[in-house]
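Enquirer: here are the coordinates; sequence isn't available:
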């Protein structure tokens with residue numbers, strides 16, 4: 001089972017339909033079950049059978065999660081792979097002591113790979129959809145995998161199976177979620 005974390009300001013908001021459900025559709029198309037939990041409910045969620053966690057994006061001005069960094073301390077100790085998408089990448093970076101800064105980007109962007117040999121980011125360049133108010137300053141804990149003209153677009157933790165993408169793969173880059181699942185998650189899809 002893949003646990004999808006909703007970072008929107010409240011459970012069941014319209015943002016869930018726009019930013020979380022499309023990720024659930026990709027996960028299902030890959031043959032995995034998924035469950036959604038709101039980031040404020042993390043401690044109360046039964047995580048038995050969780051094979052990976054994906055922190056989903058939020059609407060442009062929905063940044064409550066960034067004021068509640070204590071809700072993401074678990075990321076550093078996660079026993080399963082973690083992928084942060086947009087606001088999720090920001091939460092991941094904040095959990096490891098990095099920071100975020102005002103750096104808006106809206107619309108189609110060109111993303112360029114900075115490293116070779118990564119199992120998820122192996123393409124040289126691609127077009128993606130960016131919709132964010134903040135960019136990340138990941139610090140020394142992360143390898144910067146890709147960037148646009150405006151900001152860092154993808155990171156990987158040096159030792160932990162933790163990734164982050166600033167763009168929205170649910171719009172036209174579903175391969176990010178597909179490769180994350182096929183590369184880092186067990187292949188027992190019956191869970």
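Expert: Now that the structure is in, tell me what you want to look at. The model shown is predicted, which means the values in this text are computed figures rather than measured ones.
Enquirer: this protein: strands as residue ranges?
Expert: Applying DSSP state E to the chain gives strands spanning 2-6, 34-38, 52-55, 82-85, 99-113, 125-137, 142-147, 152-157, 162-165.
Enquirer: pick out the residue nearest the middle of the protein.
Expert: residue 84 (1.6 Å; CA atoms, centre = their mean).
Enquirer: tell me the contacts of that residue?
Expert: 54, 55, 90, 91, 92, 93, 162, 163, 164, 165 (CB atoms under 8 Å, 6 or more residues apart in numbering). All C-beta atoms are positioned from the backbone trio N, CA, C, and that covers glycine.
Enquirer: likewise residue 72?
Expert: 39, 65, 91, 92, 94, 95.
Enquirer: do the same with residue 179
Expert: Per CB under 8 Å, 6+ apart, neighbours of residue 179: 119, 120.
Enquirer: okay, the contacts of residue 72 in a markdown table with distance to residue 146, neighbour count and pLDDT next?
Expert: As requested, the contacts of residue 72 are exported to a markdown table (distance: CB to CB, whole Å; neighbours: other CB atoms under 10 Å; pLDDT from 0 to 100):
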| residue | distance to residue 146 | neighbour count | pLDDT |
| --- | --- | --- | --- |
| 39 | 25 | 21 | 97 |
| 65 | 23 | 23 | 96 |
| 91 | 19 | 27 | 98 |
| 92 | 15 | 30 | 98 |
| 94 | 20 | 22 | 97 |
| 95 | 20 | 23 | 97 |
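Enquirer: in helices, which of those residues fall?
Expert: 91, 92, 94, 95 (DSSP state H).
Enquirer: elements contacting the helix or strand of the chain with the lowest mean pLDDT?
Expert: Least confident element among the helices and strands of the chain, by mean pLDDT, DSSP states H and E: helix 14-15 (a mean of 93). On a contact count with 3 or more CB pairs under 8 Å, 6 or more residues apart in numbering; DSSP states H and E, helix 14-15 meets no helix or strand.
Enquirer: residues in contact with that helix?
Expert: 6, 8, 9, 58, 59, 62.
Enquirer: swap in 6 Å and give it another go.
Expert: 8, 58, 59, 62 (CB atoms under 6 Å, 6 or more residues apart in numbering).
Enquirer: do stretch 156-173 as well
Expert: By CB under 6 Å, 6+ apart, the list of residues contacting stretch 156-173 reads 22-23, 57, 81-86, 89, 92, 128-131, 142-143, 145, 153-155, 176-177, 184.
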